[in-house]
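Trainee: Requesting a structural model of the entry that follows:
(chains A and B)
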Protein chains: 2
Amino acid sequence: MEDATERRGIRRAAISLAVPANSQSLRRHNLALVLQSIAHRGRPTRAQVAGFSGLTKATVSSLVDTLVGAGLVISGDPDRGLVGRPGSPLGLDPAGPAGLGVEINVDYFSVCIVDFTGAVRFERVVAGDNRQRSAESVLRSAARAAERALDEAAGSGLEIAGLAVAVPGLVDLDGVLRRAPNLPGWEDVEVGERLRDLIRQPMRTASCDNEANHAALAELWFGGEPPLRDFVHVSGEIGVGAGIVVGGELWRGASGLGGELGHVMVEPDGPMCSCGARGCLEQVAGQEALLRAAGAPARAATALGAPDGSTRELLERALAGDVRTLATLERAGAALGAALAALVNLVGVPAVVLGGLYAELAPWLTEPVMAELRTRVLSFAWSPVALSVSPLGGTAAVRGAAGTVVRAILEDPAAWFPEMLATS
Amino acid sequence: MEDATERRGIRRAAISLAVPANSQSLRRHNLALVLQSIAHRGRPTRAQVAGFSGLTKATVSSLVDTLVGAGLVISGDPDRGLVGRPGSPLGLDPAGPAGLGVEINVDYFSVCIVDFTGAVRFERVVAGDNRQRSAESVLRSAARAAERALDEAAGSGLEIAGLAVAVPGLVDLDGVLRRAPNLPGWEDVEVGERLRDLIRQPMRTASCDNEANHAALAELWFGGEPPLRDFVHVSGEIGVGAGIVVGGELWRGASGLGGELGHVMVEPDGPMCSCGARGCLEQVAGQEALLRAAGAPARAATALGAPDGSTRELLERALAGDVRTLATLERAGAALGAALAALVNLVGVPAVVLGGLYAELAPWLTEPVMAELRTRVLSFAWSPVALSVSPLGGTAAVRGAAGTVVRAILEDPAAWFPEMLATS
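Mentor: From the prediction side, this is the model:
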């Protein structure tokens, strides 16, 4: 394998200003088309890419050469020594630009690096109650963890294209965290930009979005097979969030401030919520509400995959048939089902994916959730809601965040590597 | 004024097959662009249309001439005798193709014709409990009423371009009414096609959609000023439905089966609903639930604007300060507010428009609805939800239905008048 820096040498090539804008935009479009054909079609040949894309074989070959030169695509199977032959299969380059994801949550933060093929190359969770610390202090710790991840990545020859942060709160369309009901003090924070400033290595881009949205994207990109194109992914943590995917794309609604499933009312006279309202789903089916109702002590997270110290306690009690725990999960499942039924009745999604804590608790939640969906979803009789469990575990959000960096390059490689527009 | 048939003579002109497809599609696009510039800009001149659209004045003039010839646009102000001068203002032709809307609801049906400018030219409501009759019998009555409307329209020289039907139930993306919880027996009915078959006059197109969607479109096109681009329109009738508009377009979700606000749970142990679930909003805030709770007898509709026999009773009691009625409206407002808060939390719309029955009851509903929105919408503090009342009354849905026919022509006039693609 050639050296990663060498392969990306083309990034420093000059852009020819002689190329007119319209031929450049055509090339830009076609580079993305070819790259996506390669990404989504399972190691096609040049001829197959021509078939998928409707471009001529000659054009495809030239564009593939450019993408190979930019370090985004490999031709052939390096393991078999078939590199670069015309009929050899094409694939995304695992040594191509990678993405750094950081998740800030209530009782942990985590860091993840995915390579250009979407494979996880680094992952670490740091447990600790972030409600006891200032936003700045948490971000400084996260920056140190990110720097360690970047050092490891550099050691394996990976260059990081950008940073994306997942947070448990309302993020507006400009990427500003407006409010995190379970993280007091995190108000109007430009989390992505702030974290970029705190990380010593330079980051070309920084963004921030809700953790439920990032988890839904992870499910879309790296989740169950065959991939769903229309679904809601529910991530149960201390907060409860929903990410809505329609037609294979994250749906952000009008304001970008949707998906707050945890604050749908399920019991009008229920317990008071941290948001100031009464009877929110989160107070019946959120992680801390479950632990409280089951009589289990809240314990800090201890290992990768989020707050599993306390989750393990809950799982153990449920497996042991503890009556109070089973009743708690039954009630939580019914409340979750009613809130999901409201979502399906309003938004019309045909599939629900249980993620985060709910994926682990699925054996006890599936039945009460389905019972509510069956009764409450008006269209259920001829358009049943498919309920499934995410295979991604508690790291969906951070993985989705890292994935957004890589996906942005797949969508418009020339925006990242403008020298690819210079035709030689 | 020239005769309507004469003006539309161009519809029978031959399409030149010599025009290559790409120049045709360019012309098609530009015809729509010019027509929409005229529709949405308040009587612009040719020069102003050129400015809005980026087309040359010569191209605009030629396209305007075609649109005038097709009977879609008038040039000048006929009242002032300024017809056809180059600098004279352009407008949609009130004698252009009109739309026929029919609404089938639970206790009435109605018929409406809007002309090409969107003005209502005919409107009639026929009261009667449609639950007591078969679907076919209701559709036959509606067809007779539509025929009378068409006769009147023909008398004023209006030609009808198509038919659209609004129904109180779940309509799939193919226009099939799958289920109407309050109209037993209306299952899997192709309402649009069936009504077209029953109407003696030929209809070029027929479609069918949920009444909440049509009412939201009416609000978008003919509602309050300035027009909202992101909102949910709630239509309270016997059923309660929501139409969601995002970015100036109706949002149908993944399946087209969303917007069922009336079946969001507001009281877990509340009354049984016609849908088979317990505690749906409709059972607390739907028209019949309100009448029951207020102790008012359900009376049939008597005049235009929907079921106002019983609504009037409710209004009179509220105005007279009847304690039971006021308590009923207070409870209904809180339930409606909680369901709307769920919608805003999930979908992120910044504005709510009260329509139908709720528009009339707004003086009593606004306060409890706002109280719930203020408490329950997580983003309320920096992105408050604007609550307003639709000026359209009970006829929004049927007017929206008629409007869809006209809007389809505005969006692609050449699809309706293919002879416009023949350049002379």
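
Trainee: Can you report how many residues neighbour the closest residue in space to residue A:110 that isn't next to it in sequence?
Mentor: Closest residue to residue A:110 apart from its sequence neighbours, by CB to CB, 6 or more residues apart in numbering or on different chains: residue A:125 at 4.1 Å. (Glycine included, C-beta is placed from N, CA and C.) Neighbour count of residue A:125, defined by other CB atoms under 10 Å in any protein chain shown: 23.

Trainee: again, but for residue A:137
Mentor: By the criterion of other CB under 10 Å, residue A:137 has 11 neighbours.

Trainee: Secondary structure of it: a helix, I assume?
Mentor: Yes - under the criterion used here (DSSP: H, G, I helix; E, B strand; the rest coil), residue A:137 sits inside a helix.

Trainee: Could you check the pLDDT of it?
Mentor: With respect to pLDDT, residue A:137 has a value of 96.

Trainee: how about the residues of the stretch 101-250 of chain A near chain B?
Mentor: Within the stretch 101-250 of chain A, the residues that sit near chain B (CB under 8 Å from any CB of the partner chain) are A:170, A:178, A:179, A:181, A:230, A:242, A:244, A:246, A:247.

Trainee: right, I mislabeled it, should have said the stretch 251-400 of chain A
Mentor: A:252-261, A:263-268, A:275-278, A:280, A:338-339, A:341-343, A:345-350, A:375-376, A:378-379, A:381-383.

Trainee: ok, of the residues of the stretch 101-250 of chain A next to chain B, which one's closest to residue A:289?
Mentor: Nearest to residue A:289 out of these is residue A:181 (CB to CB; 13.3 Å).

Trainee: and that closest one, what does it touch?
Mentor: Residues counted as contacts of residue A:181 (CB atoms under 8 Å, 6 or more residues apart in numbering or on different chains) are A:169, A:239, A:263, A:273, A:274, A:275, B:378.

Trainee: mind running it again at 7 Å?
Mentor: Going by CB atoms under 7 Å, 6 or more residues apart in numbering or on different chains, residue A:181 touches A:169, A:239, A:274, A:275, B:378.

Trainee: What of residue A:420?
Mentor: A:31, A:66, A:70, A:413, A:414.

Trainee: ditto for residue A:56
Mentor: Neighbour list for residue A:56: residue A:50 [criterion: CB under 7 Å, 6+ apart].

Trainee: same check, this time on residue A:256
Mentor: Here residue A:256 is in contact with A:171, A:172, A:173, B:348 (CB under 7 Å, 6+ apart).

Trainee: SS state for it?
Mentor: coil.

Trainee: So the residue nearest to residue A:110 belongs to a helix, correct?
Mentor: No - assigned with three-state DSSP, residue A:125 falls outside any helix and is strand.

Trainee: how long is stretch A:41-61 end to end?
Mentor: 17 Å (CA to CA, to the nearest Å).

Trainee: which parts of that stretch are buried?
Mentor: A:44, A:45, A:46, A:48, A:49, A:50, A:52, A:53, A:55, A:59, A:60, A:61 (16 or more other CB atoms under 10 Å in any protein chain shown).

Trainee: swap in stretch A:226-235?
Mentor: A:228, A:230, A:231, A:232, A:233, A:234, A:235.

Trainee: quick check, nearest of those residues to chain B?
Mentor: Using CB to the nearest CB, residue A:230 comes nearest to chain B of these, at 3.7 Å.

Trainee: what about stretch A:57-68, average pLDDT?
Mentor: 94.

Trainee: about what we covered before: which ones among the buried residues of stretch A:226-235 are found in helices?
Mentor: Among these, none falls in helices (DSSP state H).

Trainee: Now for those residues: which two are most distant?
Mentor: Applying CB to CB across the buried residues of stretch A:226-235, the maximum distance is between A:230 and A:235, 17.8 Å.

Trainee: Can you get me a residue count around residue A:131?
Mentor: Residue A:131 - counted by other CB under 10 Å - has 16 other residues nearby.

Trainee: Check residue A:316 too.
Mentor: The number of residues packed near residue A:316 is 12, by other CB under 10 Å.

Trainee: And what about it, helix, strand or coil?
Mentor: Classified using three-state DSSP, residue A:316 is helix.

Trainee: before we move on, back to that, among the contacts of residue A:420, which ones lie close to chain B?
Mentor: When contact is defined as CB under 7 Å from any CB of the partner chain, the contacts of residue A:420 do not meet chain B at all.

Trainee: Just put the contacts of residue A:181 in TSV and tack on pLDDT and secondary structure.
Mentor: Converted to TSV, the contacts of residue A:181 look like this (pLDDT from 0 to 100; DSSP: H, G, I helix; E, B strand; the rest coil):
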residue	pLDDT	secondary structure
A:169	91	coil
A:239	88	coil
A:274	89	coil
A:275	90	coil
B:378	91	coil
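
Trainee: Would you map out the domains in chain A?
Mentor: Domain segmentation of chain A under automatic domain parsing yields A:4-93, A:98-214+A:398-408, A:224-391.

Trainee: so what does the longest helix anywhere in chain A touch, helix or strand wise?
Mentor: In terms of residue count, the longest helix belonging to chain A (DSSP H) is helix A:323-347. Counting contacts by 3 or more CB pairs under 7 Å, 6 or more residues apart in numbering or on different chains; DSSP states H and E, helix A:323-347 is packed against helix A:282-285, helix A:287-294, helix A:308-319, helix A:362-376, helix B:323-347.

Trainee: Pick out the shakiest of those helices, pLDDT-wise.
Mentor: Lowest mean pLDDT within those: helix A:308-319, at a mean of 81.

Trainee: Name the SS class of the nearest residue to residue A:41 once chain neighbours are set aside, please.
Mentor: In this structure, residue A:41 finds its nearest non-sequential neighbour in residue A:52, 6.2 Å apart by CB to CB, 6+ apart. What three-state DSSP gives for residue A:52 is helix.

Trainee: What score does residue A:52 have for pLDDT?
Mentor: So residue A:52 comes in at 84 (pLDDT).

Trainee: Check residue A:417 too.
Mentor: In this prediction residue A:417 is given a pLDDT of 88.

Trainee: hmm, back to that, what's the distance between the residue nearest to residue A:110 and residue A:142?
Mentor: Residue A:125 sits 11 Å away from residue A:142, going by CB to CB, to the nearest Å.

Trainee: What are the buried residues along stretch A:156-166?
Mentor: A:158, A:159, A:160, A:161, A:162, A:163, A:164, A:165, A:166.
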